[in-house]
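**Q** dropping the sequence and predicted coords here.
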Amino acid sequence: MPEKPKKKASPKTPSSTSEKSKLPRFSWKKLFWLLFKLLFIGIVLIGFYCIYLDAKVRDKFEGQRWQVPIQVFSKTPVFYRNDIVSIKALSKALKLNNYQKVSNVERPGEYATSSRRIIIYRRQIEPSLAKIDDAPVKITIDVIGGKVREIYHDSQPADVAVLEPVLIDRIVPKSNEDRVITPLQEIPEQLIDTLLLVEDRDFYFHKGISPLGILRALYANVIAGRTVQGGSTLTQQLVKNMYLTRDKTLWRKVNEALMSLILEYRYSKDQLLEAYMNEVYLGQHYANGIYGFGLASDFYFGKSINQLSANQMAMLVAQVKGPSYYDPWRYPERALKRRNLVLKIMFQAHIIEQQEYQFAINSALSVRENRRISKQKYPDYLQLVKQELRNVLPEDALQSGIKVFTGFDVVSQQYLSQTLDTSLAKLETERNQKNLQAAMIVTDFRTGEIVALSGGKSLGYAGFNRALSAKRQIGSLIKPVIFAAALERYQQYHYGTMLADKPLVLVSDSGQEWRPKNYDGKFREKVSLFDALIYSLNVPTVNLGMTLGLENVASALYSFGYPEGELELRPSMLLGAINMTPYDINQVYVTFATKGVYRQTYAVSQVLSQFGETLYQHRAKEAVILSSQAGQLIDYGLQSIAKKGSARSLTWRLKNVNIGGKTGTTNDQRDTWFVGYDDRYLVTSWVGKDNNQPTSLTGSSGALVLFSEFMKKVGTQSLSEQYHEDVTLGWFDDEDGTLYGQPCKNSTQHLVFSESVAEGLTCGKRQQRAEEPKEKKKKSWFERLFGKKNGE
């Protein structure tokens, strides 16, 4: 069979050969350079991103790390030898400041008392407040007869004792983060060791992230069958709390790691640990988060951080894992179990000994009874503080973390609140009244500091503040201003000067009549200027005021502190037809308590930045309004009111004490006032109703009662009855007020300018007096001001 011819291989076409030759060959070299370029670009990008993160980290860590609440403090108690002091009141103030009463004082925050001595281990205070040293010191004060006799600092004689002011409130920022910044050196080592042991035992060895820590936590959790340890370092937790959101994403974890490394590179371990202990979230107080161990110790236990016991420290460290899950008020069993686990770790690491461990693990949680944080709530006074802060500092100065020091006295405020609540309830029962309200202000008139203020019955929250905002007619409280203006004209007026007390009709240009009457409805024909003041007689006061001139009376009131230009000049102003707040009238009466020196009242004394810089310091605003003689004369008159005048009930309400003061009652007994003072405090009291209905009370049966009850609680210091050489006692004729230079028959003794006494007559000689103006002349004088009377 013939063979088939073999097929010849077809030759490759030129086109197919060229296509193969054009295919790119695989090159390791090119791949390497491509990866190198990508890596370089990645490193550059990461580098720039790290630079961005570094700037972000530094900006916050070295700037304002937290929105720290504005802290408002009470007056700093300062005592010198011979200062008046009550061991009972001082002990009460220390308790309010979370000091513990003990038998043997050994640690800061403790005190002990006896009948004549109080020993206080003062905690560290603001350096600018300390007169000698701001460090903790054991202060001993010996008290004999109600006065400081000796002062010792750590058994060494000292000249002054400076105690710790009370934190009265924290004004929380918009972030609702509440915290107390605590330096690392003030945090107990036992608490630091426990925190590191439970949360990050390798803190001082790693560089921000700890792979070994992650493996160790994983192993412990697997063995326990539940989560007992976390893998994040404290630095990572700090980054998460301070810089990042709560989102659980891979990108957040990357940022967390990078920022942790940056923090570790930039700052020391102690700086990071201090930041963490002030940043960590440890609980919730209603709308405000509790951040940092400093505030948490107060929140849970009502103690400062250096007063915590081992079981309390364990409880705080236990909260780090989950303050909501381990909330001791909502879930006490969970909190107790977690605390005991921390105590066991402390014992195994020899942080506490067996005896202390057994005691601690068998103890209760010992948290406060309720969630309310242990800070004092005084909304009325805080309203005044906030008002003043807006006036003395620009808005941008009201920055996070500032410390505001005030003239506030916690004990006086508590007495004030108790007085309002108990006395108002008693008045309502005795007088068959409902819905009585009140306002009271207490001022240290020697400095101008407002030490206590209540704008109504205790509410515990901010309501209508009557002390600052309720404008009511002041009634007879204006009379001392008129009489002071007259007594300043000593050549024309003195306490013996006779004033007309007869029916009086004044008619305005529009024909409207005004017929002032005395409170008792009686007329006495004529009375001395002294009797007109102390018995608060209306008609003689009107006659005196009209003779002085309404413009001069208004000018006097302006000088005492009434807002310039707001008075409407009409005769009814002479009987107090003027609306003023208790705060305003309190300012007026400071000048009487000081015997003629205007002194601006205030609440805020000093403001410090979070770095201790002085942002504001109160400077006394004073002016001499009355001469020394007139100031003493009006003080003499106000003391006489309390002894035998309209406030004479004080002689049995406050026995054996010299008090100065003035009652005030408005038409239909709608407003009752009393402003009184001893040798320390000026107290302004108002009682009335918000609907302006009658109260059936007078100044002496209403507001004066509140004043006396408060003074009983706070203690009184009697006013001096000694006067300077420029005034002396003179004798005045009971019939016509003639001034004698010696005691005479039918004469009464009053204080008078010494210069006037030198010109007085001897007994038996009558001073030649100018003829009294005729009735027609008097009428024509009134006519020029008010028009003709009806029937003329």
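**A** Arrived safely, thanks for sending. Note that the structure is predicted; figures quoted are calculated from it, not measured.

**Q** mind listing the strands for the stretch 501-650 of the chain?
**A** Along the stretch 501-650 of the chain, counting by DSSP state E, counting those that start in this stretch, strands occupy 506-507, 513-514, 525-528, 579-580, 597-599, 604-608, 614-617, 622-624.

**Q** which of those has the lowest mean pLDDT?
**A** Ranked by mean pLDDT, the strands of the stretch 501-650 of the chain bottom out at strand 506-507, with a mean of 82.

**Q** that strand pairs with which strands?
**A** strand 513-514 (antiparallel) (DSSP bridges).

**Q** of the strands of the stretch 501-650 of the chain, which is nearest residue 681?
**A** strand 597-599 (13.7 Å; Cβ to Cβ). C-beta here means a position set from N, CA and C on the backbone, and glycine is covered the same way.

**Q** run a quick check on residue 210 versus residue 234, I expect a contact.
**A** No: the criterion here is Cβ atoms under 8 Å, and residue 210 misses it with residue 234 at 9.9 Å.

**Q** list residues touching both of the two?
**A** Residues touching both residue 210 and residue 234 by Cβ atoms under 8 Å, 6 or more residues apart in numbering: residue 200.

**Q** would you mind measuring from residue 326 to residue 316?
**A** In this view, residue 326 and residue 316 are 11 Å apart by Cβ to Cβ, to the nearest Å.

**Q** now swap in residue 548 and tell me
**A** 69 Å.

**Q** ok, the two, which is more surrounded?
**A** residue 316 (24 against 20; other Cβ atoms under 10 Å).

**Q** next up, phi/psi of that one, please.
**A** phi -70, psi -40 (degrees, to the nearest 10).

**Q** helices or strands next to the one helix or strand residue 391 maps to in the packing?
**A** Assigned by DSSP states H and E, residue 391 belongs to helix 379-392. Packed against helix 379-392, as judged by 3 or more Cβ pairs under 8 Å, 6 or more residues apart in numbering; DSSP states H and E, are the following elements: strand 167-171, strand 403-406, strand 449-454, helix 466-469, strand 604-608.

**Q** hey, C-alpha coordinates of the longest one in CSV?
**A** The C-alpha coordinates for strand 449-454 follow below in CSV (Å, rounded to 0.1, in the frame of the first residue of the first chain):
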residue,chain,number,x,y,z
GLU,A,449,-18.5,90.5,102.0
ILE,A,450,-22.0,88.9,101.6
VAL,A,451,-21.6,85.8,103.7
ALA,A,452,-25.1,84.3,103.2
LEU,A,453,-28.2,84.8,101.1
SER,A,454,-31.6,83.2,100.8
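
**Q** now for that strand, which elements pack on it?
**A** helix 379-392, helix 410-431, strand 437-444, helix 466-469.

**Q** average pLDDT for the third one, rounded please.
**A** For strand 437-444, the per-residue pLDDT values average out at 96.

**Q** now swap in the first one and tell me
**A** Model confidence over helix 379-392 averages 91 on the pLDDT scale.

**Q** show residues contacting that helix.
**A** Counting by Cβ under 8 Å, 6+ apart, 72, 168-169, 171, 398, 404, 406, 408, 413, 450, 452-456, 459-463, 465, 467-468, 583, 602-604, 607, 616 sit against helix 379-392.

**Q** in PyMOL, how would I select the buried members of those?
**A** Buried residues among the contacts of helix 379-392 (16 or more other Cβ atoms under 10 Å), as a PyMOL selection:
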select buried, resi 72+168+169+171+398+404+406+408+413+450+452+453+454+455+456+465+467+468+583+602+603+604+607+616
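
**Q** for this protein, longest helix please?
**A** Ranked by residue count and defined by DSSP state H, the top helix of the chain is helix 28-61.

**Q** for residue 439, see how far away the closest residue to residue 463 other than its chain neighbours is.
**A** Excluding the flanking residues, the one nearest residue 463 by Cβ to Cβ, 6 or more residues apart in numbering is residue 456, at 6.5 Å. Distance of residue 456 to residue 439, given as Cβ to Cβ: 7 Å.

**Q** which residues do the two both contact?
**A** 465-466.

**Q** remind me which residues of the stretch 201-350 of the chain are low pLDDT?
**A** For the stretch 201-350 of the chain, the stretches with pLDDT under 70 are 212-231, 245-252.

**Q** show me where it has strands.
**A** Using DSSP E, counting those that start in this stretch, strands in the stretch 201-350 of the chain cover 281-285, 288-291.

**Q** now these in a markdown table, with mean neighbour count and distance to residue 573?
**A** Output for the strands of the stretch 201-350 of the chain, formatted as a markdown table (neighbours: other Cβ atoms under 10 Å; distance: least, Cβ to Cβ, whole Å):
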| stretch | mean neighbour count | distance to residue 573 |
| --- | --- | --- |
| strand 281-285 | 19 | 50 |
| strand 288-291 | 21 | 48 |
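
**Q** can you redo those strands as JSON lines with distance to residue 99?
**A** Shown next, in JSON lines, are these (distance: least, Cβ to Cβ, whole Å):
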{"stretch": "strand 281-285", "distance to residue 99": "23"}
{"stretch": "strand 288-291", "distance to residue 99": "22"}
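
**Q** so which of these is nearest residue 370?
**A** strand 281-285 (10.7 Å).

**Q** for residue 210 and residue 234, indicate the residue with more neighbours.
**A** A direct count of neighbours by other Cβ under 10 Å for residue 210 and residue 234 places residue 234 higher, at 26 against 23.

**Q** how about the more buried one: what's its closest non-neighbour residue?
**A** Per Cβ to Cβ, 6+ apart, closest to residue 234 is residue 200, 4.3 Å.

**Q** follow-up on the earlier one: quick check: which of the strands of the stretch 501-650 of the chain is nearest to residue 297?
**A** strand 604-608 (23.0 Å).

**Q** can you list contacts of the closest one?
**A** By Cβ under 8 Å, 6+ apart, strand 604-608 touches 75, 126, 128, 385, 388-389, 392-393, 397, 402-407, 449, 614-618.

**Q** do the same with stretch 323-332
**A** 281-284, 290, 300, 315, 318-319, 334-336, 338, 365, 367, 370-371.

**Q** now the helices and strands packed on helix 379-392 in a markdown table, please, with extra columns for distance to residue 494.
**A** Formatted as a markdown table, the helices and strands packed on helix 379-392 follow (distance: least, Cβ to Cβ, whole Å):
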| stretch | distance to residue 494 |
| --- | --- |
| strand 167-171 | 47 |
| strand 403-406 | 42 |
| strand 449-454 | 35 |
| helix 466-469 | 36 |
| strand 604-608 | 40 |
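
**Q** one step back: need the winner for burial among the strands of the stretch 501-650 of the chain.
**A** Highest mean neighbour count of the strands of the stretch 501-650 of the chain: strand 604-608, a mean of 22 (counted as mean count of other Cβ atoms under 10 Å).

**Q** following the strand or helix carrying residue 730, which helix or strand comes up?
**A** Secondary-structure assignment from DSSP H and E places residue 730 in strand 727-733. Sequence-wise, the next helix or strand downstream of strand 727-733 (DSSP H and E) is strand 739-740.

**Q** quick one, which of the helices and strands packed on helix 379-392 is nearest to residue 694?
**A** helix 466-469 (17.6 Å).

**Q** so which of the strands of the stretch 501-650 of the chain comes closest to residue 257?
**A** Per Cβ to Cβ, nearest to residue 257 of those: strand 604-608, 38.5 Å.

**Q** tell me the angle of the closest one relative to strand 449-454?
**A** 110 degrees (axes from the mean of the first three to the mean of the last three Cα atoms, to 10 degrees).

**Q** spit out the contact partners of residue 504.
**A** 515-516, 539, 542-543.

**Q** pull up the gap between it and residue 722, please.
**A** Residue 504 is 39 Å from residue 722, by Cβ to Cβ.

**Q** ok, residue 31 next?
**A** From residue 31 to residue 722 the distance is 106 Å (Cβ to Cβ).

**Q** these two: which is more packed in?
**A** residue 31 (10 against 6).
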